[in-house]
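A.B. asks: below is the sequence, then the predicted model.
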Amino acid sequence: MALGDISDPSAVRRAINEFGRIGRDAFLAKYGIGSARRYVVVDNGREYDAKAILAAAHNFQFGERLEREDFGSGLRSTVPKLRELGYTVEERAASAESRVLEERLREWRVEAGYPTDRDDERRAQGRQLAERLSEANLDEVIADPERFDQLDFGHLAHNWYGGPGPQSVVHKHLNEGPEAKRRLAHALRHLLYDDGAVADRLDDVLLKENWRMPGFGESLATKALAVVYPERWLPLYQHSGARGKLRLMESPELGLTAPTGIEERTIGRRIEETNDLLRETMDPLLSGDPWGQMVFLYWLRDRQAEAPPPSGLSELAEELLIDPPAWLEEVVGLLEEKRQVVFQGPPGTGKTFVARRLGRYFEELGGRSETVQFHPSYAYEDFVEGYRPRVVGGQPGFELVEGPLKRLALDAEADPDHKYLLIIDELNRGNLAKVFGELYFLLEYRGDRIRLQYGETGTDGEDGGRFGLPPNLWIVATMNTADRSIALMDAALRRRFYFVDFYPDQVPIDGLLERWLQRHERAELKWVAAALREANRRLEDRDAAIGPSHFMLADPAALNEERVERIWRHAVLPYLQERLIGEPERLQEFELASLRAAGGG
């Protein structure tokens, strides 16, 4: 039983009479309905909250209360049903909140220049995908899985009409053979064209074994609905998380709150209800333009905390014990300007730790980060794209597989309002000319697009198979200055990066161990920082200095004098022994007791 099942006009009349008798607040509280944002029943010159009236009428006609998830959308059920029963439904006069929202819309149009050519292209992609996902096409694939390519599933699972995120699992299963392709086509047909409530069909394909396919999750299912039914579904493919619909509802201009108990509903009902709430709010502003509604909603969310907010960076600097905090703001400024930086310094100075924490910071703002590590056998095919052995159609073969650089770049291009961070650990351990290839050009000429090494034989995609690095993809690489076994970076690549020093005798590493000991109330071990400073003075080699992270344990309480001595004996001294090959007599200078005494401990 649902809201739209009402068929008795007199039940609506009884609800209106009760509303008038007990008053608006008591009526809404009795039936558990929020106040009307848009639609009101107008009767004898008085306004009544439309959805609340219909919910009460359901009780009068059927003698039972509706559950919240059965209320449905005002656009789809409440308004048409009330008008069908002979009642007048009007849109409420613009409230102060809606006037603010309209003003934000005008600001957005000016700032974003909406619609851009890119927006028009995305909408055209959605229409093309809808044609490919027609009921007839799906039936043909079910009958003959060899026709699977006509669905253009690769573009559905990638960035056409917005990206649903990485889909490696579903692609892996599709490579198992024709039955996997038939199964996916069955699931899509059931979701898109079979009878029954769409929330139930979502639950079927996402949860039930007879419909579910590994990797075909919420984002892909929601995208399929948004492509085929743009008049109903927004191109928002996650319910929760940094890019989810629940997060978008938090923009104060919308005046929305997530329905009580929504996380207790089935996944299909959660997806449907959050979509409907946002769609009803946005349709009066951008009628018939779901793509524009999506872009505007993200703009609204991002203006709450313009990326990256100085306060957020200050808090991050405090968390990382970076002093002064402006150092971190300078690093982000370098990324804004050059879009790629190298953290260089000796081991143990926190280069990778800071890079990864910076990546999480941008994830918290709605972006993404990914970490890769270079090594001597790492190649272009690992980093950018290359052919990999795969079982294709049940037979061994090769498939062009995107590497982390290309995957993240395409995701960033589909989400231009957020920062995507690629972290390359141990940059100079790789054969850089071999790994980067034509990226030398793209790193310098951001915004340009070129055909990649395998572009002639790979999937063409957009722009005739040409690829570029979007401006919101930033690269942070780390480089160990103590490793003498690796070649120096060539001048061409060095010119494409800004370099940030991580040395124990300069900001931000100078004094880091002292600050860490103070934060964790380990004053009795302050001699360790002094001994470390003395050791680096005696070593007289900044590029090979001993970093403080040897002693900054995940569990600060575990650091005691015994643990310090163990770290020194089994980690620091072996490192120094390697650095001082040919000078064994110098190792005596680095006995911990001697350093402690010299440092005043």
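C.D. replies: Looks like it arrived, so ask away.

A.B. asks: which SSE is His158 in?
C.D. replies: Taking DSSP states H and E as the definition, one finds His158 inside no helix or strand.

A.B. asks: ok, and the closest non-adjacent residue to it?
C.D. replies: Leaving aside its chain neighbours, His158 sits nearest to Leu410 (6.8 Å; criterion: Cβ to Cβ, 6 or more residues apart in numbering). From N, CA and C alone the C-beta is placed, and that goes for glycine too.

A.B. asks: for the helix or strand harbouring the one you found, give me every contacting residue.
C.D. replies: Assessed by DSSP H and E, Leu410 sits inside helix 404-414. Helix 404-414 is contacted by residues 158-159, 162-163, 165-166, 367-368, 370, 372, 383-385, 402, 418, 420, 422, 439, 452, 467-470, 472-473 when judged by Cβ atoms under 8 Å, 6 or more residues apart in numbering.

A.B. asks: residue contacts, Glu444?
C.D. replies: Taking Cβ under 8 Å, 6+ apart, one finds Arg495, Arg496 in contact with Glu444.

A.B. asks: nope, Asp505 is what I meant
C.D. replies: Going by Cβ under 8 Å, 6+ apart, the list of residues near Asp505 reads Asn536, Arg542, Ala545.

A.B. asks: Ser219: how many residues sit nearby?
C.D. replies: The number of residues packed near Ser219 is 21, by other Cβ atoms under 10 Å.

A.B. asks: quick check: it is in a strand.
C.D. replies: No. Secondary structure of Ser219 (DSSP: H, G, I helix; E, B strand; the rest coil): helix, not part of a strand.

A.B. asks: related to what we said a few turns ago, in strands, which of the contacts of helix 404-414 appear?
C.D. replies: Arg368, Glu370, Val372, Glu385, Glu402, Tyr420, Leu422, Phe467, Leu473 (DSSP state E).

A.B. asks: nearest to Arg339, of those?
C.D. replies: Of all these, Leu473 has the smallest distance to Arg339: 7.3 Å, by Cβ to Cβ.

A.B. asks: surely the closest one touches Tyr420?
C.D. replies: Yes. In this structure, Leu473 is within contact of Tyr420 by Cβ atoms under 8 Å, at 4.9 Å.

A.B. asks: in JSON lines: the ones in strands among the contacts of helix 404-414, plus pLDDT, neighbour count and distance to Tyr193.
C.D. replies: Shown next, in JSON lines, are the ones in strands among the contacts of helix 404-414 (pLDDT from 0 to 100; neighbours: other Cβ atoms under 10 Å; distance: Cβ to Cβ, whole Å):
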{"residue": "Arg368", "pLDDT": "86", "neighbour count": "22", "distance to Tyr193": "33"}
{"residue": "Glu370", "pLDDT": "92", "neighbour count": "16", "distance to Tyr193": "37"}
{"residue": "Val372", "pLDDT": "95", "neighbour count": "20", "distance to Tyr193": "42"}
{"residue": "Glu385", "pLDDT": "89", "neighbour count": "21", "distance to Tyr193": "35"}
{"residue": "Glu402", "pLDDT": "84", "neighbour count": "18", "distance to Tyr193": "31"}
{"residue": "Tyr420", "pLDDT": "92", "neighbour count": "24", "distance to Tyr193": "36"}
{"residue": "Leu422", "pLDDT": "96", "neighbour count": "24", "distance to Tyr193": "40"}
{"residue": "Phe467", "pLDDT": "86", "neighbour count": "23", "distance to Tyr193": "35"}
{"residue": "Leu473", "pLDDT": "94", "neighbour count": "23", "distance to Tyr193": "38"}
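
A.B. asks: format the residues you listed as TSV; extra columns: distance to Glu273.
C.D. replies: Converted to TSV, these look like this (distance: Cβ to Cβ, whole Å):
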residue	distance to Glu273
Arg368	27
Glu370	32
Val372	39
Glu385	40
Glu402	35
Tyr420	30
Leu422	36
Phe467	39
Leu473	34
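
A.B. asks: that older thread, got a pLDDT number for the residue nearest to His158?
C.D. replies: Predicted confidence (pLDDT) at Leu410: the value is 81.

A.B. asks: can you get me a residue count around it?
C.D. replies: 21.

A.B. asks: got the angle between the helix holding Leu410 and strand 368-373?
C.D. replies: 170 degrees (axes from the mean of the first three to the mean of the last three Cα atoms, to 10 degrees).

A.B. asks: ok, the helix or strand encompassing Ile424: who's next to it in the sheet?
C.D. replies: In the assignment (DSSP H and E), Ile424 maps to strand 420-425. Neighbouring strands of strand 420-425 in its sheet, by DSSP bridges, are strand 368-373 (parallel), strand 473-480 (parallel).

A.B. asks: for that strand, what is the distance to the chain centroid?
C.D. replies: Once both centres are worked out by Cα atoms, centre = their mean, to the nearest Å, strand 420-425 turns out to sit 15 Å from its chain's centre.
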